[in-house]
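Colleague: coords please:
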Amino acid sequence: VTGRTGAITQDGQAVFRWATTAMAPVALQACERAGVKPEDLSAFIPHQANLRIVEAIARRLGIPREKVADDIVHAGNTSSASIPLALARMAEQGRLESGTPALLIGFGAGLSYAAQVITLP
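Modeller: Residues are numbered from 1 along each chain as shown. I've put the predicted structure just below:
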């Protein structure tokens with residue numbers, strides 16, 4: 001949104017509401033297309049924009065806390081690098097199991113988004 005001064009601004013509350021309501025159906029669609037149920041995921045690695053957003057989406061999907069990447073508390077919002085960094089941190093912590101499904105989901109500028117289920121190497 002362009003403000004009165006011409007500066008680009010963000011309505012944080014609106015982005016929060018959008019992310020916490022719109023991303024769960026996107027995640028479910030990715031799981032469905034991959035033939036995986038959310039409870040079968042070994043890890044959920046979302047964009048690390050905001051811990052409250054991450055927790056809200058995980059709750060909506062019924063994914064337990066121990067399977068959710070929470071790198072934002074260590075690295076902050078690292079923009080487009082947040083998913084690979086969070087994935088790497090989970091691997092370093094021994095929280096990933098090879099050959100199991102993990103859900104990655106990102107959203108960003110202009111409220112663009114994408115999700116995919118991968119098999120962990």
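Colleague: where does this protein have low pLDDT?
Modeller: Judged by pLDDT under 70, the chain has its weakly predicted residues at 1-4, 8-10, 109-110.
Colleague: middle-most residue in it, spatially?
Modeller: Centroid-nearest residue in the chain, with CA atoms, centre = their mean: residue 46, separated by 1.5 Å.
Colleague: so that residue bridges to which residues?
Modeller: Listed by DSSP bridges, the beta-bridge partners for residue 46 are residue 105.
Colleague: that one contacts residue 108, doesn't it?
Modeller: No - judged on CB atoms under 8 Å, residue 46 makes no contact with residue 108 at a distance of 11.6 Å. All C-beta atoms are positioned from the backbone trio N, CA, C, and that covers glycine.
Colleague: how many other residues sit next to residue 19?
Modeller: Residues near residue 19, counting by other CB atoms under 10 Å, number 23.
Colleague: point out the other helices and strands that the helix or strand hosting it packs with.
Modeller: Applying DSSP states H and E as the criterion places residue 19 in helix 12-34. The contact analysis (3 or more CB pairs under 8 Å, 6 or more residues apart in numbering; DSSP states H and E) places helix 12-34 against helix 51-61, strand 101-108, strand 112-119.
Colleague: could you dump those into JSON lines and include distance to residue 35 and mean neighbour count?
Modeller: What follows is those, written out as JSON lines (distance: least, CB to CB, whole Å; neighbours: other CB atoms under 10 Å):
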{"stretch": "helix 51-61", "distance to residue 35": "16", "mean neighbour count": "19"}
{"stretch": "strand 101-108", "distance to residue 35": "9", "mean neighbour count": "21"}
{"stretch": "strand 112-119", "distance to residue 35": "9", "mean neighbour count": "14"}
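Colleague: distance to residue 26 for those - can I get that in CSV?
Modeller: Formatted as CSV, the helices and strands packed on helix 12-34 follow (distance: least, CB to CB, whole Å):
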stretch, distance to residue 26
helix 51-61, 9
strand 101-108, 7
strand 112-119, 5
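Colleague: quick one: the closest residue to residue 26 other than its chain neighbours from residue 105, how far?
Modeller: Closest residue in space to residue 26, ignoring its immediate chain neighbours: residue 115 at 5.1 Å, by CB to CB, 6 or more residues apart in numbering. Distance of residue 115 to residue 105, given as CB to CB, to the nearest Å: 4 Å.
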